[in-house]
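1. sequence unknown, structure follows:
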């Protein structure tokens, strides 16, 4: 065993590697400890349970998917943002074939409240990036938003639609783009 204590980032890296190569059913404290060449107890220094480990692994995958370094430049309009998100989701499904299934199954359970908080934090960040694009997109009608149809509500709904497509393995954003055009543009 490695006597040097490994880092939390290394543990998450190994967990993502197992998710990529062996699928979500293979993620365990024991498997991660073996991959990091440390004792099981070393993993528990960073994660209280397998639930915590999986929650943070999922969060780290979302962060990897939507890390700003994966964006050539900031999207200038909603169309570009949608296309970038769908491209990233499709690429991530290639890298992490079980990821969306793990995400759907794992956070369905009521006991995963802490993990749900992590996911909502990431999703909120993604939605905030869309809100920023919405506020800057010069093609959007001036009267497109109002008190009951806010950029925040629209961003939440739009991102939910994109997630739904990804969960079904559909990455063509044409229908979503059509909805956006009919709702926001002249």
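-> In hand now; what should we look at? Keep in mind that what you see is a predicted model, and the values were worked out from it rather than measured.
2. Phi, psi for residue 140 please.
-> Dihedral angles phi and psi of residue 140 (degrees, to the nearest 10) take the values phi -70, psi 130.
3. tally of neighbours for it?
-> In terms of burial, residue 140 registers 20 neighbours under the definition other CB atoms under 10 Å. Every C-beta, even on glycine, is put in place using the N, C-alpha and C of the backbone.
4. Please give me every residue in contact with the residue nearest to it when sequence neighbours are not counted.
-> Closest residue to residue 140 apart from its sequence neighbours, by CB to CB, 6 or more residues apart in numbering: residue 184 at 4.8 Å. Remark: with contacts taken as CB atoms under 8 Å, 6 or more residues apart in numbering, residue 184 is in contact with 78, 137, 139-141, 144, 154.
5. let's see 7 Å
-> 78, 140-141, 144 (CB atoms under 7 Å, 6 or more residues apart in numbering).
6. now swap in residue 164 and tell me
-> With the criterion set at CB under 7 Å, 6+ apart, residue 164 makes contact with nothing.
7. Could you check how far it is from residue 98?
-> When distance is defined by CB to CB, to the nearest Å, residue 164 is 18 Å away from residue 98.
8. same thing with residue 20?
-> From residue 20 across to residue 98, the span is 9 Å (CB to CB).
9. Would you mind identifying the helix or strand in the chain with the lowest mean pLDDT?
-> In the chain, no helix or strand scores lower on mean pLDDT, DSSP states H and E than helix 99-106, which sits at a mean of 72.
10. which helices and strands does that helix pack with?
-> Helix 99-106 sits against helix 50-65, helix 78-95, helix 151-167, with contacts defined as 3 or more CB pairs under 7 Å, 6 or more residues apart in numbering; DSSP states H and E.
11. buried ones in it?
-> By neighbour count on 16 or more other CB atoms under 10 Å, the buried set for helix 99-106 is 99-100, 102-103, 106.
12. Reformat these as JSON lines; add distance to residue 57.
-> As requested, those are arranged in JSON lines below (distance: CB to CB, whole Å):
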{"residue": "99", "distance to residue 57": "10"}
{"residue": "100", "distance to residue 57": "14"}
{"residue": "102", "distance to residue 57": "9"}
{"residue": "103", "distance to residue 57": "10"}
{"residue": "106", "distance to residue 57": "10"}
